[in-house]
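Engineer: predicted model and sequence follow; I will ask about them next.
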Amino acid sequence: MAFLLVVVAAGYGYYRFLWGQIASAPCATCVAEASGAPYNVLLIGSDSRAGESAAQAQQFGSTTAAGGQRSDSLKIVHIDPTAGTASTLSIPRDTFVTITGLPANSQLSTHNKINAAFAGGPDATVKTIENTFGIPIAHYIVVNFFGVQDAVNALGGISLDFPYPARDMDCSTGYCHNNSGLDIPTAGCQVLNGSMALSLSRSRYYQYYANGYWHSDPTSDLGRIQRQNLVIAAALNKAKSTYNPIRLNSLLTSVVHDFSKDNNLSVTDLLGLAERYHAFSGSSLQSYTLPTTGAVSSYAGDVEVVQPDQASAVIAQFLGGPFGNIVTPPINQYGNELTLTPPTTTTTVPVATTGPATSSGSSTRGTTPAAAPVNTSPSYDPTPC
């Protein structure tokens, strides 16, 4: 028994050492979670590409002209440690909001796409989300451009079943090129390495080959959100099937320099979650997307405008109850505030449905009640296998 205690203590010390290598910063607006109570973690996919090779820069394109660092994706994870459940809410990066947490003289302040908040760092993004949607954030994790790639490689790849060959072909400029590098030449269940998983997660011009020609996914970023959720589900399945301390060590070692976090997220929290959720499957993860519709703004060009009634119902179901106080409501394409009112009872809404594409390639979702939330995706998207 004494030997086992020493081994456990040594392992815990090593994990603490790895955890200490992760960049951390205070989060002034994060809300401390109560013991055993549900809480929310904000996952920020950063467009930072520090350390990429010349070949990677050529493949994925430069971000130097983006006008400051942006969040490439925003997902809130709602964790209920007592029930052992988890769900995600994706916020389209072009959602039109009033940015809070940036200096008043910032060119990115006031009305802008929500991804611009990250120019002020994670704290500004947390504050903007809390003030806009009334969703309290306990912790944040920022994953850089290659965090997905390294994590999937550490897991030994993920398995996805492609119903058709797929690629990411961007012809918007009149010259066609594979935007993310996604290239799936054959249909069927196959193992994706980290680079392939990253390409799938980033695909905004997704195409699939059927009936003798290539078809395009019309939903752009919203389709990308769905495919990101499928990658997460496949990764959860792989982690569940291979859970052991060696695999956890490999994962931590591989991604330790790929993400940053708030100061209050500890190694004890991580190990507790790993133990509590090690048998959690991808099919158990309920995935929601904030209901928006495409519009054009004189402030920011093509934007996603929140659909108030549908968004209220989705957020309430995601949180399992009413959301908090909203300081700066989301805005429409004209900069006018939209009213989000917590429903008196939690309304059951579909997790994800698709509708007619709008001018910006988006669709309104969550408008029709359903018997129960289910993960749905277009028939041409891959599924975990």
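Structural biologist: Looks like it arrived, so ask away.

Engineer: check the secondary structure at Val327 for me.
Structural biologist: What DSSP: H, G, I helix; E, B strand; the rest coil gives for Val327 is coil.

Engineer: where does the stretch 51-200 of the chain dip in pLDDT?
Structural biologist: 51-70, 109 (pLDDT under 70).

Engineer: helices of that one, start to end?
Structural biologist: Along the stretch 51-200 of the chain, counting by DSSP state H, counting those that start in this stretch, helices occupy 54-60, 122-133, 147-155, 194-202.

Engineer: remind me what the longest one packs against, helices and strands.
Structural biologist: Same thing as helix 122-133. strand 39-46, strand 71-80, strand 96-99, strand 139-143 (3 or more C-beta pairs under 8 Å, 6 or more residues apart in numbering; DSSP states H and E). Heads up, the C-betas are built off the backbone N, CA and C, glycines and all.

Engineer: so it versus strand 39-46, what angle?
Structural biologist: Interaxial angle, helix 122-133 versus strand 39-46 (axes from the mean of the first three to the mean of the last three C-alpha atoms, to 10 degrees): 120 degrees.

Engineer: CA atoms only for helix 122-133 - export them in CSV, please.
Structural biologist: The C-alpha coordinates for helix 122-133 follow below in CSV (Å, rounded to 0.1, in the frame of the first residue of the first chain):
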residue,chain,number,x,y,z
PRO,A,122,-9.8,36.0,-23.0
ASP,A,123,-11.1,38.3,-20.2
ALA,A,124,-12.7,40.6,-22.7
THR,A,125,-14.3,37.7,-24.5
VAL,A,126,-15.7,36.3,-21.2
LYS,A,127,-17.1,39.7,-20.2
THR,A,128,-18.7,40.1,-23.6
ILE,A,129,-20.4,36.7,-23.4
GLU,A,130,-21.6,37.2,-19.9
ASN,A,131,-22.9,40.7,-20.6
THR,A,132,-24.6,39.7,-23.9
PHE,A,133,-26.2,36.4,-23.1
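
Engineer: tell me how far that helix is from the chain's mean position?
Structural biologist: Its chain's C-alpha centre and that of helix 122-133 lie 15 Å apart, by C-alpha atoms, centre = their mean, to the nearest Å.

Engineer: and stretch 305-324, by the same measure?
Structural biologist: With C-alpha atoms, centre = their mean, you get 18 Å for stretch 305-324.
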